[in-house]
Structure formats: structure tokens, C-alpha cells
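Any chance you could fold what I've pasted below:
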Amino acid sequence: MTSITISNNKKVYFASDQHLGAPTQEQSFPREQKFVRWLDEIKEDAEAIFLLGDLFDFWFEYKTVVPKGFVRVLGKLAEIRDSGIPIYFFVGNHDLWMRDYFEKELTIPVFHAPQEFTINNKLFLIGHGDGLGPHDKGYKRMKKVFTFPLFKWMFRWLHPDLGVKLGQYMSVKNKMISGDEDFKFLGEDNEWLVQYCKRKLESKHYDFFVFGHRHLPLDIQLKENSKYYNLGDWINFYTYGAFEKDQFSLLEYK
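A predicted model of the protein is given here:
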């Protein structure tokens, strides 16, 4: 388990679901610029940065090829990482085909499942959040197909011009981008990630659960000393998390 101690006047930052590239590169470009400005600002007092998935609306790594574009955000992440600030990346359901590009080119570790971190002696469980909790069986079956080694091997044999175009088309159709119903709080009993967190608490205490995927900023008290945060997104809300000392804040970037 990774342990982080926050220095004086420093913070740990969290962000998720930028979906760069959706619905088109041109339309997402202002979002990329805004996200890069945010990264440029927080580097001044960041102890560490957590990116919780779906940074890209589609990402597939061939052995020698990655999708075209996103130079500004990749360059900013490289600059921040080269300055010595740790960055941790969790794949989402739109960039689950990430391999080792971030690790080799940017020295950013990549996680494919939720991970425990101790930050200022507080226990966090951090992840993207897709496929967790009860229900959503259709997606869980589809994820097994998408992550099956044979399927990835077959997709890799598509020419990148065809494979990336097909992947982008499928990603833009995702209801998380266009569905208004996803931005309504469904109540704790119907929020799958809330149910997931409550089940985890039955066997172990966590001070904070931090996830993305839901595209809705949420701050929910699970128990007296345990809270669940969803980071929202950078499509409609431009929200992010900041942890300082023992206080987690859900904030909006304007």
C-alpha cells in the first residue's frame, strides 16, 4: 500500500472523466485547454495528483502506436511528473485498453482496479468505479469481453486508422456523454457505488472512498467516520477533489 504524507501548504488533488476527444477533437479542445490550465495551477501546491480514468474518450495502445492528439495534456503531465510530483492513473471504461505508454513515457503508474492508499494516516479506496456494486450485469459482461486477451489481440490487428475511428464512434455513443438521466441523484439505495462502498465497510474501515465514472459530483456520509466522494466530470461540472490535512473538499474549477 502506498503511503503519502502531505507537506505543509500542500494538497493531494483528484480529477476524473475529462473524455478528451468527445464528441470530436475540435469540440473537446476547449475542455483540454481548461484542464491543462487547472494542471498548471495545481502543480504549485500539489503533493500528488490522482487521475481516476476516462481522461480520453477512447484510447487504445498498439505496440508502436497511440491515438493522435492530446499533445498539450500529455506534455503538461510530463512536465509535472518530471518536476517530481507523483501522478497516479486509474483506467476507466473508455481508456481500459491502456497498456504501458504512461508508465514508460511519463513514469506514471497505471492501475486497472481500485487501490488502497494511506494519505496523512487516512485510509482511502480509490478507483474509476465502473462495474462495481450490484446490478449493471450487461456492462460487466461486456467489460469481460473487451478485456479478454484474444479480443484485444484481434482488435490490435485492425489498422489504427480503422481501429481508432471505430473505437471513437462506439465511445461517443456511450450514454455517459449524452444522457441527461445520469446527472440525477438516484438515492443511496439506487447508487451502485454507494452500495459497493457500504459493502466494503462491512469487512474493513475506510475513511474515504473516491471514485469517478458517475459523472455526478457526490458527497455522501456512509458512517460517522467514512465518506464517499464522486468527482463529477469535466464535461458539465468541471469538478475535482482536494485533500489537505484531514479534510476532503469537492470543488469546481471556473
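
what's the helix or strand for the nearest residue to Pro86 once chain neighbours are set aside?
In space, Pro86 comes closest to Ala48 once its chain neighbours are excluded; the distance is 4.4 Å by Cβ to Cβ, 6 or more residues apart in numbering. Any C-beta I mention is one placed from the backbone N, CA and C, and that applies to glycine too. Using DSSP states H and E, Ala48 falls within strand 46-51.

And Gly69, how close does it get to Ala22?
Here the criterion is Cβ to Cβ, to the nearest Å. By it, Gly69 lies 12 Å from Ala22.

neighbour count winner among those two?
Neighbour totals were compared for Gly69 and Ala22, and Ala22 leads with 23 against 16 (other Cβ atoms under 10 Å).

now the strands for the stretch 151-254 of the chain?
With DSSP state E, counting those that start in this stretch, the ranges of strands along the stretch 151-254 of the chain come out as 208-211, 217-223, 226-231, 239-244, 247-252.

Can you tell me which of these is most buried?
For the strands of the stretch 151-254 of the chain, the largest average neighbour count (mean count of other Cβ atoms under 10 Å) is found in strand 208-211, namely a mean of 26.

Tyr115 reaches Ile126, doesn't it?
You called it Tyr, but residue 115 is Gln. Yes. Contact status for Gln115 versus Ile126: in contact at 5.9 Å, counting by Cβ atoms under 8 Å.

out of those two, which sits in the more crowded spot?
Comparing Gln115 with Ile126 by other Cβ under 10 Å, the one with more neighbours is Ile126, at 24 against 16.
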